[in-house]
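[1] Sequence and predicted structure are below.
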Amino acid sequence: MAIKRRQLLILGGLALGGGLGGAVLSKILIRQPEPIASTTNSSTAVVNNLEPAKSNINVKRSPNPAPKGLFAPTRGDMRIVVISDLNSAYGSTDYIPQVKQAIAFLPDWEPDLVMCGGDMVAGQSNELSDAEIAAMWQGFEKHIGAPIRKAKLPFGFTIGNHDGSGSIYNGKLSFERDRNAVRKYWNDPKHDPNLKFVDRADFPFHYTFQQNDIFCLVWDASTATIPSEQIKWVEKSLSSEIAQKAKLRIAIGHLPLYAVVKGRETTGNYLDDAERLRAILEKYGVHTYISGHQHGYYPAYKGKLELLYAGVLGDDLRHLLSGNLTPIRTITVVDIKLETSETTYTTYDMDSLKVVDQKTLPPFIDAPNGRITRRDLKV
């Protein structure tokens with residue numbers, strides 16, 4: 001299964017252009033925020049001049065909320081819980097127990113926002129029928145979507161290659177039925193993600209929203225290439241008054257800028273032209289780029305940009321390129337001090353329920369396209 005998925009992704013990328021036993025608590029370097037790009041096939045997407053509704057500052061929050069029995073970090077001015085890569089085998093309509101447990105835990109952390117790095121279902125196979133594709137999203141609705149809405153948690157997400165790959169071959173979408181299913185599910189009013197949208201012209205593939213003075217940009221990194229039209233949209237979005245007045249800017253996409261795990265350090269498993277994309281994000285003060293796909297947790301930075309490799313909650317755990325640590329399933333609580341842009345990560349291993357000591361992670365990882373450094377280390 002892992003080989004088949006990797007082969008499909010590489011072909012798609014080339015076609016486009018080329019423990020819970022202990023939570024991981026890590027205080028991150030304070031950096032100044034800047035830009036990001038989004039993925040879209042539309043050249044007509046525009047930034048809507050909408051003033052997002054202000055967050056309810058009267059909502060009562062606990063000083064250190066957490067699921068019973070787990071390490072309870074002190075919350076910041078804003079709390080985001082990050083999950084990613086929830087799926088299992090192709091066509092799966094159910095999720096492994098660790099995924100279900102993580103979703104059940106979410107309300108106990110009292111997050112202001114839940115963000116997902118993609119691969120919410122297990123598509124990207126043209127052997128799946130329309131009924132099987134629909135059944136996957138019904139399974140997502142039952143086990144993930146409905147519980148998050150019931151808890152009234154805003155849910156920001158990016159589309160992964162197994163959700164709705166944007167791979168193009170001979171001028172046509174390779175997985176058009178997947179893309180149609182994604183669009184149908186997320187544009188159904190019953191599946192409202194409870195976000196304060198700024199621009200949803202090409203939702204759910206690329207869009208922007210604002211939550212508690214944080215501006216979030218989602219691009220379509222379901223393949224290795226971010227189209228030039230989306231890059232223009234990204235720059236327009238990030239340079240907008242709403243984005244620049246926000247106290248923090250965050251970008252999220254499925255594929256990362258740099259590889260961090262064995263077996264996914266090949267072309268097609270990370271974004272093309274990463275240095276140029278990073279420069280764009282930095283130009284507009286994006287603080288953090290959140291990604292999935294690699295199935296390995298690693299908190300890092302390169303230049304002025306924080307990089308959160310969200311890891312995996314579902315199947316197919318992978319070893320980091322450096323070190324010999326046992327792969328783990330992770331969920332990360334990010335607490336933010338808005339006045340200083342300081343972020344603190346508490347990452348839980350969903351198999352053992354213990355805290356991952358970030359100092360046990362490699363101090364740096366040499367990806368094929370550049371070195372990234374563990375985020376608590378200054379160079």
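    Received it, and whenever you're ready, just let me know what you need.
[2] all helices of the stretch 151-300 of the chain, in order?
    161-164, 176-186, 228-238, 241-245, 274-283 (DSSP state H, counting those that start in this stretch).
[3] typo on my end, it should be the stretch 1-150 of the chain
    2-17, 97-105, 130-140, 146-150.
[4] mind listing what's buried in the third one?
    In this case it means helix 130-140. For helix 130-140, the neighbour count (16 or more other C-beta atoms under 10 Å) marks 133, 134, 135, 136, 137, 139, 140 as buried. No exception for glycine: its C-beta is placed from N, CA and C like everyone else's.
[5] Quick one: work out the angle between it and helix 176-186.
    Angle, helix 130-140 to helix 176-186, by axes from the mean of the first three to the mean of the last three C-alpha atoms, to 10 degrees: 40 degrees.
[6] Near the closest residue to residue 200 other than its chain neighbours, how many other residues are there?
    Sequence neighbours aside, residue 207 is the residue nearest to residue 200 in space, at 4.7 Å (criterion: C-beta to C-beta, 6 or more residues apart in numbering). As a burial measure, residue 207 scores 27 neighbours (other C-beta atoms under 10 Å).
[7] Would you confirm that residue 207 contacts residue 220?
    No: using C-beta atoms under 8 Å, residue 207 is not in contact with residue 220; the gap is 9.7 Å.
[8] returning to what we had before: now do the residue nearest to residue 200 against residue 216, distance only.
    9 Å (C-beta to C-beta, to the nearest Å).
[9] quick one, strands of the stretch 251-379 of the chain?
    Along the stretch 251-379 of the chain, counting by DSSP state E, counting those that start in this stretch, strands occupy 288-291, 297-302, 305-310, 330-337, 342-349, 354-355, 364-367, 370-374.
[10] With respect to those strands, which exhibits the lowest mean confidence?
    Lowest mean pLDDT within the strands of the stretch 251-379 of the chain: strand 354-355, at a mean of 92.
[11] and it, how far out from the chain's middle?
    Distance, stretch centre to chain centre, for strand 354-355: 22 Å (C-alpha atoms, centre = their mean, to the nearest Å).
[12] For it, which helices and strands make contact with it?
    strand 21-27, strand 342-349 (3 or more C-beta pairs under 8 Å, 6 or more residues apart in numbering; DSSP states H and E).
[13] tilt between the last one and strand 305-310?
    I take that to be strand 342-349. Interaxial angle, strand 342-349 versus strand 305-310 (the same axes, to 10 degrees): 20 degrees.
[14] Extract the CA atoms of strand 342-349 and return them as PDB.
    Only the C-alpha atoms of strand 342-349 are listed here, as PDB (Å, rounded to 0.1, in the frame of the first residue of the first chain):
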ATOM      1  CA  GLU A 342       5.600  33.200  20.800                       C
ATOM      2  CA  THR A 343       4.200  29.700  20.100                       C
ATOM      3  CA  THR A 344       4.500  26.700  22.500                       C
ATOM      4  CA  TYR A 345       3.900  23.100  21.200                       C
ATOM      5  CA  THR A 346       2.700  20.300  23.300                       C
ATOM      6  CA  THR A 347       2.700  17.200  21.100                       C
ATOM      7  CA  TYR A 348       1.100  13.900  22.300                       C
ATOM      8  CA  ASP A 349       2.000  10.400  21.200                       C
END
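[15] can you pull out the strands in the stretch 51-200 of the chain?
    In the stretch 51-200 of the chain, the segments counted as strands under DSSP E, counting those that start in this stretch are 78-83, 113-116, 155-157, 168-169, 172-173, 197-202.
[16] Report all helices and strands that the first one contacts.
    Secondary-structure packing of strand 78-83 (3+ C-beta pairs under 8 Å, 6+ apart): strand 113-116, strand 305-310, strand 330-337.
[17] May I see the buried residues of stretch 333-352?
    By neighbour count on 16+ other C-beta under 10 Å, the buried set for stretch 333-352 is 333-336, 341-351.
[18] Then stretch 108-128?
    Those would be 109-125, 128, for stretch 108-128 by 16+ other C-beta under 10 Å.
[19] before we move on, back to that, can you flag the weakest of the helices of the stretch 1-150 of the chain by average pLDDT?
    helix 2-17 (a mean of 41).
[20] low-scoring pLDDT stretches of the stretch 51-200 of the chain, where are they?
    Applying pLDDT under 70 to the stretch 51-200 of the chain picks out residues 51-59.
[21] In space, what's closest to residue 116 - neighbours in sequence excluded?
    Per C-beta to C-beta, 6+ apart, closest to residue 116 is residue 157, 4.0 Å.
[22] Burial check on that neighbour, number of neighbours?
    With other C-beta under 10 Å as criterion, residue 157 counts 24.
[23] isn't it right next to residue 121, touching?
    No: in this structure residue 157 lies outside contact range of residue 121 using C-beta under 8 Å: 11.6 Å.
[24] hang on, the earlier thing: for residue 237, find the nearest of the strands of the stretch 251-379 of the chain.
    Relative to residue 237, the nearest member of the strands of the stretch 251-379 of the chain by C-beta to C-beta is strand 288-291, separated by 14.6 Å.
[25] what's next to that closest one, contact-wise?
    With C-beta atoms under 8 Å, 6 or more residues apart in numbering as the test, strand 288-291 has contacts from 36, 82, 84, 115, 117, 221, 250-257, 278, 281, 305-310, 343.
[26] And stretch 128-139, by the same measure?
    Contacts for stretch 128-139 (C-beta under 8 Å, 6+ apart): 90-95, 121-123, 177-178, 181, 185.
[27] would CSV of those with distance to residue 328 be doable?
    Shown next, in CSV, are the contacts of stretch 128-139 (distance: C-beta to C-beta, whole Å):
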residue, distance to residue 328
90, 24
91, 26
92, 21
93, 25
94, 22
95, 17
121, 23
122, 21
123, 25
177, 34
178, 29
181, 31
185, 30
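[28] Whichever of those residues end up buried, select them in ChimeraX.
    Per 16+ other C-beta under 10 Å, the buried members of the contacts of stretch 128-139 correspond to this ChimeraX selection:
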select :90,91,92,93,95,121,122,123,177,178,181,185
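[29] Enumerate every residue touching the closest residue in space to residue 66 that isn't next to it in sequence.
    Spatially, and ignoring its direct neighbours in sequence, residue 66 is nearest to residue 72 (3.7 Å; C-beta to C-beta, 6+ apart). Shown in contact with residue 72 (C-beta under 8 Å, 6+ apart): 64, 65, 66.
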